[in-house]
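Engineer: please work out how this folds:
(chains A, B and C)
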Amino acid sequence: MATLHTQSTARLMMAPAVVLLLMWMLVPLGMTLWFSFLRYNLLMPGMEEWTGFDNYYYFLTDPAFSTALVNTLLLVGGVLLISVGGGIALALLLDQPFFGQGIVRLLVIAPFFVMPTVSALVWKNMFMNPVYGLFAWVAKFFGLQPVDWLAEVPLFSIVLIVAWQWLPFATLILLTALQSLDEEQREAAEMDGAGPVSRFIYIVLPHLSRAITVVILIETIFLLSVFAEILVTTNGGPGLQSTNLTYLVYAQALLQFDVGAASAGGIVAVILANIVAIFLMRIIGKNLDA
Amino acid sequence: MARAISPRRKWTITVVAWLLGLALFFPILWTVLTSFKTEGEAIASPPSLIAFDWTLANYFEVQARSNYFKYVGNSIVIALGSTLIGLLIAIPAAWAMAFSPTKRTKDVLMWMLSTKMLPPVGVLVPIYLIFRDTGLLDSRTGLIGVLTMINLPIIVWMLYTYFREIPGEILEAARMDGASLAKEIVYVLTPMALPGIASTMLLNIILAWNEAFWTLNLTASNAAPLTAFIAAYSSPEGLFWAKLSAASTLAIAPILIMGWFSQRQLIRGLTFGAVK
Amino acid sequence: MRLKALLLGASFLTASGFAAQAETLTIATVNNGDMIRMQKLTDDFKAKNPDIDLEWVTLEENVLRQRVTTDIATKGGQYDVLTIGTYEVPIWAKQDWLLPLENLGENYDIDDLLPPIRAGLSYEDKLYAAPFYGESSMVMYRTDLFEEAGLEMPEAPTWEFVADAARKITDKENEIYGICLRGKAGWGENMAFLTATANSFGARWFDMEWQPQFDQPEWKETLDFYVNLMNDAGPPGASSNGFNENLALFQSGKCGMWIDATVAASFVTNPDESTVADKVGFALAPDNGLGKRGNWLWAWSLAIPAGTQKAEAAEKFIAWATSKDYLELVAEKEGWANVPPGTRTSLYENPKYLEAAPFAKMTIDSINTADPNNPTVDPVPYVGVQFVAIPEFQGLGTAVGQQFSAALAGQVTVDQALQSAQQLTQREMMKSGYIK
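Structural biologist: Residues are numbered from 1 along each chain as shown, chains lettered A, B, ... in the order given. Modelled structure (predicted):
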């Protein structure tokens, strides 16, 4: 089918997307790479000079760097765990017949539409605030000491907020996948006397593996650069407890206005993200080929 | 679909599902309710669910302070514009990848996705400088461009996975009948691909609507969308819970309503090839 | 001749379309109460200047600062009027990023501006920003709670008294916390308070050789005092409380004392917003007997970026917003107690204001005792009471603020926080070439 003619047409059709993305990637990235070797602070114009790998040295030896790296992984991992685990459970539940299925689905899907800034503001002020928040009120109602979420468990709080936004996405994809599971397959298993647990492990889970892969891949792409939720709620603190890599780069770029350091940080983040990506592709790519 | 289950079980599932659904929806519901309270009631303890004096004052206050409609207009133009242009560029690319795959197709696709992992703040200054020199700062055109580029990889990928499900034989058959490439696309491919395109479009409108870094950092007033609108309420002085809720409700209502109405179309194509 | 000029002007006008008909000023400002009020009074300016339109960009303080700094440093030219503070003005003026304000008009009476504020907004004796409102910090306390506890607030309390009183008033069962202080990390949040407080404890950021001083006993004393006091008598969640959060707490009657910006006085005494409006007293920021009080100096001010094409119109706007007439206008619409405070001497001589604003005297006394040029007990190489006027301070202050916020939250000890602060400050000063 792939004749020479269609091959060149295909190239032509891909060209705009590829060229545009190349430009989008190369121009800013090229400039970033260039800046990363300069001593360049926006607040001190006219002082730019070549510094070699100084910016990289300072960024990589910053004690905040390793903390941020760990936090990034914890954040991505935590959200994935909750959203995939919760997503499977919710999908299994919603797949059962019950009254008002359509409306419940609307309720479940809703958090996905909410702007990250808004959801962070709402969670921070109306739920997690230790004095006025609803959680504090519930705790007091039961005679407990209210938890100061954003100070005591900052990273976990952010994981919760972000997971709330991504759970619907996972649920929807998994639910669609679940619904395509052959009814006969299921019934056959039931006939064989397989219990619900083994049915889940041997039939449902393998069937869902592709969907789970997709959810992990897409969510990872977005979760690596989680930023607004941190900026609005904890500002990366207390200390560095909720600083992830994106936030660390942000602090260099828009608090210190140190373009050189931020550029170096950006390059480091790109390299790390690509390592994660290659890693993911290797594991997941197989699953996607099928 | 009709599995025989006992009514008792059905009721149990109904209750559990509703409780979970309401729990997930509760933050949004609570925000909407709070937006109709006075500032005093908004922080009252114990909080009241519906038994309070409903007031629209917060909405008037928010509107008096910032012209909501300007921001909504910008959000709509930017989200729609970037999605449509993105589709225009992505459809041919995805089509080519799906129907004339080469050895490198998968690599190209993965490379495209990897561009999304660039932390935006790392390239803020370069982009800002480019925008300044091209006069694109605070312009809808500029934002549409940036958001198109940001979401293009996802659009291409989503379409690709969807197109791949379309059996190649149908195209072969059409070609045998002497259909030209244009006809092939218009009469054969498009009808089959439409659900996938619709779903991609919806997802991207949502993503573009909620994008909060570039939209905030590249605009001042003319092109500022709802993300900038909400930034004015994020921590003002004094008691602000009710006003914040009103602004939040205003910011999410359009996209929430659109999402709800089109959820069937959204879900149909939202599989990324995960469903065989 | 005139006619010709008019005709020429007219043809020029038509040639350039309607754009020239009304010039539009883009004004970047913070979402503080006084600015929002200014936005609502736009009509008055429009009535006086029909040829100038105003476009407001109102943002939360941190977002505003990012946006404005990026724009001015890259000469993006998106704004015609900027709202900035005493920290930015000298640094930006030095870079030639701001236009000096030399045509504020005959009626402006520039000598009426409060001397410390005017000095803070000048660079090489030229005014680069006009103060919209000025502030120092002071103690606001609940007279009813003090009475109940049998305490009497002196006009100039010591830290010892404040700490003692805070612990006595605290009644956690009923959600009354003796003292509310800033804990949210940020150079303009907890570090504003802590740096000013540290001054009164004899501490300083740097010695004359720009060596960081967080390893000195004065800082330890400051931070120990602060953390212990907040643990005993502060509200829960203090490490995420900034000015706004504390204001909300105080207004809803949960704080016995609050040491913060003097502008808060008009909010906490406003019966529309505050549940404790008639039970608030004021005192000077506390001291430790070392000759310095823990009060800062700040002015939110309006400035014109050098890149604007509309400097003339921008200056007209600034003259309007910071004029005596504007104060009269606000007084007429909202009452004297709500006029933007802390900018003009004449306001503090106005009997109507003094009568309506019980906090007026304490505000002016606080402003007048703040000395940005000699902020500390021991000499320092920098200017600024609650900040260090060097470009690196935004990032540095915030990073140190994170450490202190963590200490308050109990995530690290005071010693650990100070050690980290010392290290990261040293790194940054080395990187920027202040020290070898």
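
Engineer: so, low pLDDT: which residues of the stretch 151-276 of chain B?
Structural biologist: For the stretch 151-276 of chain B, applying pLDDT under 70 flags the ranges B:175, B:179, B:185, B:235-239, B:271-276.

Engineer: flag every residue of the stretch 301-436 of chain C that's near chain B.
Structural biologist: Within the stretch 301-436 of chain C, no position is near chain B by C-beta under 8 Å from any C-beta of the partner chain. In this view, the C-beta of every residue, glycine as well, is placed from N, C-alpha and C.

Engineer: ok, which stretches of the stretch 301-436 of chain C are helices?
Structural biologist: Shown for the stretch 301-436 of chain C, the helices assigned by DSSP state H, counting those that start in this stretch span residues C:311-321, C:324-334, C:351-356, C:360-369, C:393-409, C:414-431.

Engineer: in a markdown table: those helices, plus mean neighbour count, distance to residue A:86 and mean pLDDT.
Structural biologist: Formatted as a markdown table, the helices of the stretch 301-436 of chain C follow (neighbours: other C-beta atoms under 10 Å in any protein chain shown; distance: least, C-beta to C-beta, whole Å; pLDDT from 0 to 100):
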| stretch | mean neighbour count | distance to residue A:86 | mean pLDDT |
| --- | --- | --- | --- |
| helix C:311-321 | 21 | 52 | 95 |
| helix C:324-334 | 16 | 50 | 94 |
| helix C:351-356 | 13 | 57 | 94 |
| helix C:360-369 | 20 | 53 | 93 |
| helix C:393-409 | 27 | 29 | 92 |
| helix C:414-431 | 19 | 36 | 93 |
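
Engineer: let's have the ones you listed in a markdown table, adding distance to residue A:245.
Structural biologist: Formatted as a markdown table, the helices of the stretch 301-436 of chain C follow (distance: least, C-beta to C-beta, whole Å):
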| stretch | distance to residue A:245 |
| --- | --- |
| helix C:311-321 | 40 |
| helix C:324-334 | 46 |
| helix C:351-356 | 52 |
| helix C:360-369 | 42 |
| helix C:393-409 | 16 |
| helix C:414-431 | 18 |
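
Engineer: to residue C:65, which of those lies closest?
Structural biologist: helix C:393-409 (7.8 Å; C-beta to C-beta).

Engineer: measure how the closest one sits relative to helix C:414-431, angle-wise.
Structural biologist: Inter-element angle recorded for helix C:393-409 and helix C:414-431: 170 degrees (by axes from the mean of the first three to the mean of the last three C-alpha atoms, to 10 degrees).

Engineer: show me where the chain has helices.
Structural biologist: By default, I'm working from chain A. In chain A, the helices defined using DSSP state H lie at A:4-35, A:54-61, A:63-95, A:101-109, A:116-122, A:134-141, A:149-152, A:154-179, A:183-191, A:196-199, A:205-223, A:228-233, A:245-250, A:259-289.

Engineer: not quite, I wanted chain B
Structural biologist: B:7-34, B:39-42, B:57-65, B:68-99, B:105-114, B:124-133, B:140-164, B:168-176, B:181-183, B:190-210, B:214-217, B:226-231, B:241-261, B:263-269.

Engineer: next: the stretch 1-150 of chain C.
Structural biologist: Under DSSP H, counting those that start in this stretch, the stretch 1-150 of chain C gives helices at C:2-15, C:33-40, C:42-48, C:61-73, C:88-94, C:115-120, C:143-148.
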